[in-house]
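S.K.: 3D, please:
(chains A, B and C)
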Amino acid sequence: MNGDLFAGASGPEQIGPGSWLQHGAALDAAPALFAEVQHLTAAAPFRQMQTPGGSRMSVAMSNCGPFGWVTDRSGYRYAATDPLSGLPWPPLPPLFLQIAGAAAERAGYPGFVPDACLINRYAPGARMALHQDKDERDFTAPIVSLSLGLPVVFLFGGDQRSDPPARLLLSHGDVLVWGGPDRLRFHGVMPLKPGRHELLGEQRINLTFRKAR
DNA sequence: AAGTGGCT
DNA sequence: CACT
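M.R.: Coordinates of the predicted model:
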């Protein structure tokens, strides 16, 4: 039935020529990571941004690091300051850099130093349509995605929107890395199923580390 | 256009 | 797919 829905508790799993799903890689650090998220989003609160078409995203977002991904009616871009406050985004916590760099190295991308961390909060029902990460200047750096809280079905498509996506279950503490030949693959997430996580509560938090410039 | 609605 |  769901033979292509990976949920194993085993080690790193290769899901593409340049992509690895590292089950539980951030499990030990999860409480500290969540505490950092709470501090960061006290300074730069979660907000539901608008797409260029005028729709409001179901996912609430914030950022930390030198650059933050933002969207409004003008389009998608990286910005050095929070549009809500006009202030720089909070700095990337050293723990974030350490975890993201280690995950990238395990996936074959040594020396990964992200300059942008997008913090996504999924409440039940929140989803992300298939898209490509292509607002970065340099596609040689990978994408590192870290999951906290409730599990969600991740859609990992191909280089064309019409390519049928694989379905991967992303759970608390999982880290997904994609780059190289997989860097521009379409991806997204199915609507978050209601539930309660013992540490995070009724939500999923995703940290996406990127090299924007 | 990382969302939505409506077509076949 | 077209539109926003």
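
S.K.: pLDDT score for the one residue in chain A that gets nearest to DNA strand C?
M.R.: Going by Cβ to the nearest atom of the strand, DNA strand C is nearest to A:Gly53 of chain A, at 2.3 Å. (Each C-beta comes from the backbone N, C-alpha and C, glycine too.) With respect to pLDDT, A:Gly53 scores 88.

S.K.: so what's the residue in chain A positioned nearest to DNA strand B up against?
M.R.: Among the residues of chain A, A:Ala129 lies nearest to DNA strand B; the distance is 2.1 Å by Cβ to the nearest atom of the strand. By Cβ atoms under 8 Å, 6 or more residues apart in numbering, A:Ala129 lies in contact with A:Gly188.

S.K.: That one should be in a strand, yeah?
M.R.: Yes. Assessed with DSSP: H, G, I helix; E, B strand; the rest coil, A:Ala129 lies in a strand.

S.K.: Can you give me the separation between it and A:Tyr109?
M.R.: Relative to A:Tyr109, A:Ala129 is positioned 26 Å away (Cβ to Cβ, to the nearest Å).

S.K.: what's the distance between the closest residue to A:Asp174 other than its chain neighbours and A:Ala42?
M.R.: Spatial nearest neighbour of A:Asp174, chain neighbours left out: A:Ser147 (4.7 Å); criterion: Cβ to Cβ, 6 or more residues apart in numbering. Applying Cβ to Cβ, the value for A:Ser147 to A:Ala42 is 22 Å.

S.K.: The two: who's more crowded?
M.R.: A:Ser147 (25 against 9; other Cβ atoms under 10 Å).

S.K.: In terms of helix, strand or coil, where does the more buried one fall?
M.R.: Using three-state DSSP, the structure places A:Ser147 in strand.

S.K.: residues touching it, list them.
M.R.: A:Ser147 makes contact with A:Leu170, A:Ser171, A:His172, A:Gly173, A:Asp174, A:Val175, A:Leu176, A:Arg204, A:Ile205, A:Asn206, according to Cβ under 8 Å, 6+ apart.

S.K.: Show me what it is bridged to.
M.R.: On the basis of DSSP bridges, A:Ser147 is bridged to A:Asn206.

S.K.: again, but for A:Gly201
M.R.: Beta-bridge partners of A:Gly201, as defined by DSSP bridges: A:His197.

S.K.: for A:Val144, phi and psi?
M.R.: Main-chain dihedrals, A:Val144, degrees, to the nearest 10: phi -120, psi 120.
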